[in-house]
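A.B. asks: Sharing a model prediction with you, sequence too.
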Amino acid sequence: MFEKYLIENCAPTLASLKTANLFSYTYPSVIKLRETIACWNERMADKGVTLTVLRVNGATALVYVYREASLCRDLQKPGVAQLLQRFGYDSMDTEAVLKRLRARLREQEEFPHEIGLFLGYPLQDVIGFMKNKGSNCKCTGCWKVYGDEREASRIFAMFDKCRRIYVNLWNQGRSIMTLTVAV
């Protein structure tokens, strides 16, 4: 059930604590996938949340759930545009960066490491991951931390608590629309 994937994987984004989340979704047909994404985008528009498919592999779609306003802010942070330009991102316009990210996902089997910037990870941690090839991190949670370990641990705990609360409330009958914060 699509709703279950949304609540379990995207609670911090729905709560407006995080820029974005990703999840893999096995879909019954391309038509049904398009309908599902379009339906949720229509429902979530007033909440400031957008869903898009970044990659399709067989019958599995990589769904990106994001808050455009937060993504725009993240892309404007110092150093972000310079890093993304190294990977062929010519514009920081939301549509343009997502188009390039889709291309990067098609070009390589692994996730392009800059994807962390699209998920709201700190630039220092994304750069650290690239330089260290995923090794030598200070701690691991939603991402590998190379910078401020204390702040990252606080954020990880906040995201975990949010996810637990949202899943619990959803299991008790609260709708995703009720749980999604409008910004």
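C.D. replies: In hand now; what should we look at?

A.B. asks: Please report how far the residue lying farthest from the centre of the chain lies from residue 179.
C.D. replies: Distance to the chain centre peaks in the chain at residue 172, reaching 25.5 Å (criterion: C-alpha atoms, centre = their mean). To residue 179, residue 172 is 11 Å away according to C-beta to C-beta, to the nearest Å. Any C-beta I mention is one placed from the backbone N, CA and C, and that applies to glycine too.

A.B. asks: so what's in contact with the two at the same time?
C.D. replies: Common contact partners of residue 172 and residue 179 (C-beta atoms under 8 Å, 6 or more residues apart in numbering): none.

A.B. asks: give the contact list for the residue nearest the centre of the chain.
C.D. replies: Nearest to the mean C-alpha position of the chain, by C-alpha atoms, centre = their mean, lies residue 21 at 2.6 Å. Applying C-beta under 8 Å, 6+ apart, we find residue 21 in contact with 9-10, 12-13, 64-66, 119.

A.B. asks: Now for the closest residue to it other than its chain neighbours, how many residues are close by?
C.D. replies: Closest residue to residue 21 apart from its sequence neighbours, by C-beta to C-beta, 6 or more residues apart in numbering: residue 10 at 4.2 Å. Using other C-beta atoms under 10 Å, residue 10 has 25 neighbouring residues.

A.B. asks: Report all helices and strands that the stretch of helix or strand residue 10 belongs to contacts.
C.D. replies: Using DSSP states H and E, residue 10 maps to helix 2-14. Counting contacts by 3 or more C-beta pairs under 8 Å, 6 or more residues apart in numbering; DSSP states H and E, helix 2-14 packs against strand 20-26, helix 30-44, strand 60-67, helix 149-171, helix 176-179.

A.B. asks: part of a helix, is residue 28?
C.D. replies: No - Residue 28: not assigned to a helix; according to DSSP: H, G, I helix; E, B strand; the rest coil it is coil.

A.B. asks: For it, the count of nearby residues, please.
C.D. replies: 9.

A.B. asks: what's the pLDDT at it?
C.D. replies: pLDDT, residue 28: 92.

A.B. asks: Check residue 18 too.
C.D. replies: 98.

A.B. asks: any idea how far residue 109 is from it?
C.D. replies: For residue 18, the distance to residue 109 (C-beta to C-beta) stands at 26 Å.

A.B. asks: what does residue 35 give?
C.D. replies: Counting by C-beta to C-beta, the separation of residue 35 from residue 109 is 29 Å.
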